[in-house]
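Asks: Make a model of this:
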Amino acid sequence: MKQDIATYPVILTEYNDESGHYYVVTSPNIQGMVTDGETIPEALENAKDALATMLANDPERPEVQDPREWTLDKGQQTSWVSVNMTRWLNKYGKTVRRNISIPADLNDWAKKNKINVSKVATEALYDLQEA
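Replies: This next block holds a predicted model:
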C-alpha cells in the first residue's frame, strides 16, 4: 500500500518566561497550527500530531513554502516535520478541530510533564465512549 507522507517546514520559537523554558512550533503553511514542547525533539514530535490533525480534514493541502524566504525573529529557527498520514488516519480516523479550555495550573502541569492535551482528551473521550 502506498503511504501518504506529508512534510512541511515549521518555525520553532524558543521561550523563557513565567511558564518556564519551552519551544512553540507554528507553520506559515498551516494556518492555526500551534503546539509546544520543553525540548526541540519533543516540540517537533508534538508538531507531527498537530500537523496531521490540521491536514486530516483538508482535501487540498497547502502548497509547501520555501522557509528560506521567511523572515525569522530572534529566538526562531526552522525545521521540517513529516508525518505518515496513512498510518495516522488508520489510528485516529478523520478528526475535527475543537478548542477546549482548561485551568491555567493544569495547563502548566501538562507542559511540565510533557503531556499532549489533545491526545489525552481524545483518549479520555474514547474511554467514555466504550464505558
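
Asks: Give me the pLDDT value at the residue most central in space within the chain.
Replies: Nearest to the mean C-alpha position of the chain, counting by CA atoms, centre = their mean, stands Ala50 at 2.6 Å. Per-residue confidence (pLDDT) for Ala50: 92.

Asks: Counting neighbours, show which residues of the helix ranked longest in the chain come out buried.
Replies: In the chain, ranked by residue count with DSSP state H as the criterion, the top helix is helix 40-55. Within helix 40-55, the residues that count as buried by 16 or more other CB atoms under 10 Å are 42-55. Yep, even glycine has a C-beta here, placed from its N, CA and C like the rest.

Asks: what ranges do the strands span in the protein?
Replies: Along the chain, counting by DSSP state E, strands occupy 5-17, 20-26, 34-37, 76-84.

Asks: if I read this right, the residue nearest to the centre of the chain contacts Val34, doesn't it?
Replies: Yes - using CB atoms under 8 Å, Ala50 is in contact with Val34, at 7.1 Å.

Asks: Quick check: neighbours shared by those two?
Replies: Residues touching both Ala50 and Val34 by CB atoms under 8 Å, 6 or more residues apart in numbering: Val25.

Asks: Relative to Gln3, which of the buried residues of helix 40-55 is nearest.
Replies: Ala52 (13.1 Å; CB to CB).

Asks: Gly93 is nearest to which of the strands of the chain?
Replies: strand 76-84 (14.7 Å).

Asks: Output the contacting helices and strands for that closest one.
Replies: Counting contacts by 3 or more CB pairs under 8 Å, 6 or more residues apart in numbering; DSSP states H and E, strand 76-84 packs against strand 5-17, helix 40-55.

Asks: thinking again about what came up before, please identify the most buried of the strands of the chain.
Replies: Across those, the average number of neighbours (mean count of other CB atoms under 10 Å) peaks for strand 34-37, which reaches a mean of 20.

Asks: so which of the helices and strands packed on strand 76-84 comes closest to Ala104?
Replies: That would be strand 5-17 among the helices and strands packed on strand 76-84, by CB to CB, at 13.4 Å.

Asks: and the closest one, what other elements does it pack with?
Replies: Using 3+ CB pairs under 8 Å, 6+ apart: strand 5-17 touches strand 20-26, helix 40-55, strand 76-84.
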